[in-house]
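Engineer: Here is the input, now give the coordinates:
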Amino acid sequence: MEKINQQNGLYEQFLKYSYWDLKELFKKAKTKEEQDFYMNLSNMVLQKEQKRTISK
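Structural biologist: Model prediction:
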């Protein structure tokens, strides 16, 4: 159960990052895998913003 609570915290942390924050983390990534991770997160942020914009 503790892991599930930590995962909820992880989501809350993710929501605090902007696209630009994730772009900076991507630039500083040390491995291709880490770059892919930040790219996927930044894509999620962009998708969320697209949905918000379209629904207006």
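Engineer: Excluding covalently adjacent residues, which one is nearest to the residue positioned nearest the centre of the chain?
Structural biologist: The centroid of the chain falls nearest to L41 when counting by Cα atoms, centre = their mean (3.2 Å). Leaving aside its chain neighbours, L41 sits nearest to L22 (5.2 Å; criterion: Cβ to Cβ, 6 or more residues apart in numbering). Bear in mind the C-beta positions are built from the backbone N, C-alpha and C, glycine included.
Engineer: Thought M44 was touching the one you found, still the case?
Structural biologist: No: if you go by Cβ atoms under 8 Å, L22 and M44 don't touch, sitting 9.0 Å apart.
Engineer: Which of those two has more residues huddled nearby?
Structural biologist: Between L22 and M44, counting by other Cβ atoms under 10 Å, L22 is the more crowded of the two (21 against 14).
Engineer: what's near enough to touch the more buried one?
Structural biologist: Going by Cβ atoms under 8 Å, 6 or more residues apart in numbering, L22 touches 38, 41-42, 45.
Engineer: Kindly list the longest helix within this structure.
Structural biologist: helix 32-54 (DSSP state H).
Engineer: Name the residues that touch it?
Structural biologist: For helix 32-54, contacts defined as Cβ under 8 Å, 6+ apart pick out 14, 17-19, 22-23, 25-26, 29.
Engineer: do that again at 6 Å, thanks
Structural biologist: 19, 22, 25-26, 29 (Cβ atoms under 6 Å, 6 or more residues apart in numbering).
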